[in-house]
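Undergrad: Curious how this folds, go ahead:
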Amino acid sequence: MTRVRPSLGRLKPRGSAIGAGTSAASTGVSAPTDDRLNQAGADLETMGRTVSQVRTELAKSEGRRETLQRRLDQLTQDVGKAKGRELLKGDVDAFLQDLQASLHKKSVGSYERLLTALAHDVLKSGDEIGLDLYTERGLPALDIFVRAGDHREDILNGCGGSMTNVISLGLRMIATVRSGMRKFVALDEPDCWIAPSRVPNFYGVIDDLGQKLDVQSLLISHHALELMPEGFAISRLYKDGNRIICQNDPKSDAWAEDQVGIRRLRMVSFMSHEDTEVRLAPGTTAIIGDNHIGKSCVIRALRAVTYGEISDADIRHGCKNVAVEIEIEGGRVVKLTRQPGRNPVNEWTLEDLEGNVLTDADTNTEFRSGGRSAPDWVGKVTGIQKFEGLEHQLSHQKFPVFLMGEKASTRASVLSIGRESGYAQKMIERQRQKSRADADLIKRGEIEVNEIQEQLLKLHAYQELAKDLDAVEEGLTSLRGRHDQTIAAHGLMAQCSELEARLARAEPVAAALGALPTEFPSIEANVEKRREITRIGSQIAGIEKRLGEAVRISEAMPDELPTVPELADLGEIRGILRTLQGVTISNSEATKRAARLSGELEEVDRKIAAAIEDAGHVCPLCNNNIEHSHDIL
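TA: Below you'll find the model as predicted:
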């Protein structure tokens, strides 16, 4: 038997006195509750959020401080530059005034000399043409007059028509050259107020200006051929029956292949012209002829193509459509056709000399446009366009005066007079604006500098606060660590409480176990007995099986011996005897074996009963109650 001594000492914490009724409270230390720990954690989280918010505000304040510092640096630099410019303001203003006066004298003086020379060459007068350039509403303005001592005479209203013709010619030539467009002018009777004796001088001026300025001119005149300079190409219109014929000058064929200029003008069913072709020379071409023959139709045809000034009234009587062609350099022909009832009624095309419509290389579209007004490409190709609403290239027979009846600002703009001095005026105005802006910048800048410096001084305290916040964050980190330790300790205390409760529940069990005997049968012996019982049970089962077989054999034997047959043959009797002897022997052996098995079974039953008695009628393996051996077998 093995001795079992239950020991309860290992279940009690060392130094504990649970049995004496002591607890954690007797130590004088108050264990924190879950609510207090949760509240402490919430407080730490609140403190963390507060510190984070403060840190964010500090970052914002630092960003604000950096922004203010950059603004302060920029303001300091800008205000310093503005003050430097203010110191130089007087010198700059004086320089710009001198520059404007110089440019004014230069631009105006050249035109004054040109117009004075024209008046002298044509009229042989000692009149001096004056130009007064000034600023009107911020724009250059120009007055043109004749100086009469200290007085001014208005050319349009105070002088004769001859002076108006001469000055109009000069102004038209200047405007054409300065416009940047095609150097071409068409003059319809520009000498209308000039005496015949002065006409050769006037035409000589046109020829001279054309050569010096490289301007191609077309001139409509009623004067005789003898009054024309030799350099003019003369085209004469005359009638052949009902048809108008143009006799062109051979000079009109004196074109270089790449020379810029208008080569010819063709009018088909246009006004009085059935089919008239006027050829132009590189210099000046004069068209002469009788009155009312259609000389002015040539300029009107130019206006129709370039300005779109055409109507059904321009179609020759009895015709259904009209066409006007202008041939320019490069073998190109700008053509306008008008056909009432067609949509569009007007059509412009750009063709080659064979009549094929050309294509725009940029857009890959044909130069073919319709509408009431001339398309933009016509003005670009021909180089003839209006400028500031004025027709500086194509004059009108009924309105020979050019520019002098316009506003002073328009005169300056069209002639580009005052452009250079206008630049100086813009510089002066810009300098004034800059000076005002500098003064305002200095005033506002100094105020803003003071405000920024005050704000920076206040924000400096935030930098000191950042150091304190670092200490607060360090302390908060320490508190969080202690809080985590407290939570861990609280968990350990909870485990101790659980162990104490389990120990309290184990004490009655320990007391009950203490009352049990100290010696118990050996488990190994019980296991061995269990094996022996199992083996004996197996033997009993085998014996019972053999007994059953013996019973079946016994039952199979007859109750009485069979009647002894009457044997006639002794040999047969001997065989029967041998058989009976064998059966007798077998029966005897079976009886002996049954007696032996019965004894063995009784012995096994006694052993099992003894083992059950030793085990106290309790199975050592399953602890179930055993009354007799049948409970096992």
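Undergrad: Can you give me the domain boundaries for this protein?
TA: Taking automatic domain parsing as the reference, the chain has its domains at 182-384, 524-558+570-631.
Undergrad: Which stretch among the ones you listed approaches L465 most closely?
TA: Proximity to L465 (C-beta to C-beta) singles out domain 182-384 among these, at 68.2 Å. Backbone N, C-alpha and C define where each C-beta goes, glycine included.
Undergrad: Please report phi then psi for R338.
TA: Main-chain dihedrals, R338, degrees, to the nearest 10: phi -130, psi 130.
Undergrad: Can you get me a residue count around it?
TA: Using other C-beta atoms under 10 Å, the number of residues around R338 comes to 21.
Undergrad: now do G109
TA: A count of nearby residues for G109, using other C-beta under 10 Å, gives 11.
Undergrad: so what pLDDT did it get?
TA: G109 carries a pLDDT value of 81.
Undergrad: Need the three-state assignment for it.
TA: The three-state assignment at G109 reads helix, by DSSP: H, G, I helix; E, B strand; the rest coil.
Undergrad: I'd like the distance between it and M173.
TA: 18 Å (C-beta to C-beta, to the nearest Å).
Undergrad: so when I look at A141, I'm seeing a helix, right?
TA: No. Read with three-state DSSP, A141 is strand and lies in no helix.
Undergrad: Mind pulling the model confidence for the residue lying closest to it once chain neighbours are set aside?
TA: Using C-beta to C-beta, 6 or more residues apart in numbering and skipping residues adjacent in sequence, the residue nearest A141 is A408, 3.7 Å away. We have a pLDDT of 86 for A408.
Undergrad: burial of A408, as a residue count?
TA: By other C-beta under 10 Å, the residues close to A408 number 17.
Undergrad: OK, contacts around it?
TA: Residues counted as contacts of A408 (C-beta atoms under 8 Å, 6 or more residues apart in numbering) are Y134, E136, A141, L142, D143.
Undergrad: Go again with 7 Å.
TA: By C-beta atoms under 7 Å, 6 or more residues apart in numbering, the contact list for A408 reads E136, A141, L142, D143.
Undergrad: just the residues you listed now: which is nearest I245?
TA: L142 (45.1 Å).
Undergrad: bridging residues for the closest one?
TA: Assessed by DSSP bridges, L142 has beta-bridge partners L133.
Undergrad: is it true that it touches T135?
TA: No. Using C-beta atoms under 7 Å, L142 makes no contact with T135, being 10.8 Å away.
Undergrad: Those two - which one has more neighbours?
TA: L142 (25 against 18).
Undergrad: returning to that earlier point: how near is the residue nearest to A141 to S416?
TA: Distance, A408 to S416, by C-beta to C-beta: 14 Å.
Undergrad: ditto for V108
TA: V108 is 12 Å from S416, where distance means C-beta to C-beta.
Undergrad: Compute the first-to-last residue distance for stretch 379-398.
TA: 24 Å (C-alpha to C-alpha, to the nearest Å).
Undergrad: Buried residues, it. List them.
TA: 379, 381-385, 387, 390-395 (16 or more other C-beta atoms under 10 Å).
Undergrad: try stretch 343-363
TA: Buried, per 16+ other C-beta under 10 Å, within stretch 343-363: V345, N346, E347, W348, T349, L350, E351, L358.
Undergrad: Can you pull the phi/psi pair for the last one?
TA: With angles defined as degrees, to the nearest 10, L358 shows backbone torsions of phi -80, psi 160.
Undergrad: I'd assumed L350 was in contact with it.
TA: Yes. L358 lies in contact with L350 (C-beta under 7 Å); the separation is 4.8 Å.
Undergrad: what touches both of those two?
TA: Here L358 and L350 have R332, F367 as joint contacts, going by C-beta under 7 Å, 6+ apart.
Undergrad: ok so, going back, next, format the buried residues of stretch 343-363 as a markdown table and append secondary structure and distance to F402.
TA: As requested, those are exported to a markdown table (DSSP: H, G, I helix; E, B strand; the rest coil; distance: C-beta to C-beta, whole Å):
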| residue | secondary structure | distance to F402 |
| --- | --- | --- |
| V345 | coil | 32 |
| N346 | strand | 28 |
| E347 | strand | 32 |
| W348 | strand | 27 |
| T349 | strand | 32 |
| L350 | strand | 30 |
| E351 | strand | 33 |
| L358 | coil | 34 |
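Undergrad: Tell me the one among the residues you listed nearest to I293.
TA: N346 (26.4 Å).
Undergrad: Just list the residues touching that closest one, thanks.
TA: Here N346 is in contact with I310, L336, R338, G370, G371, R372 (criterion: C-beta under 7 Å, 6+ apart).
Undergrad: who touches R198 in this structure?
TA: Taking C-beta under 7 Å, 6+ apart, we find R198 in contact with V122, L123, S162.
Undergrad: Actually, I553.
TA: Counting by C-beta under 7 Å, 6+ apart, I553 makes contact with A590.
Undergrad: Next one: it from T365, what distance?
TA: In terms of C-beta to C-beta, I553 sits 131 Å off from T365.
Undergrad: Count the neighbours of I585 for me.
TA: 10.
Undergrad: Then it would be within a helix, right?
TA: Yes. Using three-state DSSP, the assignment for I585 is a helix.
Undergrad: partners of the closest residue to S179 other than its chain neighbours in the sheet?
TA: Nearest non-adjacent residue to S179, counting by C-beta to C-beta, 6+ apart: F387, 5.2 Å away. Counting by DSSP bridges, F387 is bridged to L390.
Undergrad: my read: F387 touches R178, true?
TA: No. Applying C-beta under 7 Å as the test, F387 and R178 come out as separate, 9.4 Å apart.
Undergrad: now, among the contacts of R198, which is nearest to G599?
TA: Comparing the contacts of R198 against G599 with C-beta to C-beta picks out V122 as the nearest, at 178.8 Å.
Undergrad: what secondary structure does that closest one sit in?
TA: helix.
Undergrad: Now do the contacts for it.
TA: V122 touches V166, R198, N201, F202, V205, counting by C-beta under 7 Å, 6+ apart.
Undergrad: low-scoring pLDDT stretches of the stretch 301-450 of the chain, where are they?
TA: 417-422, 425 (pLDDT under 70).
Undergrad: could you pull out the helices for it?
TA: For the stretch 301-450 of the chain, helices defined by DSSP state H, counting those that start in this stretch occupy the ranges 376-382, 408-414, 419-514.
Undergrad: do the same with the stretch 101-250 of the chain
TA: Ranges of helices within the stretch 101-250 of the chain are 155-158, 161-179, 199-213, based on DSSP H, counting those that start in this stretch.
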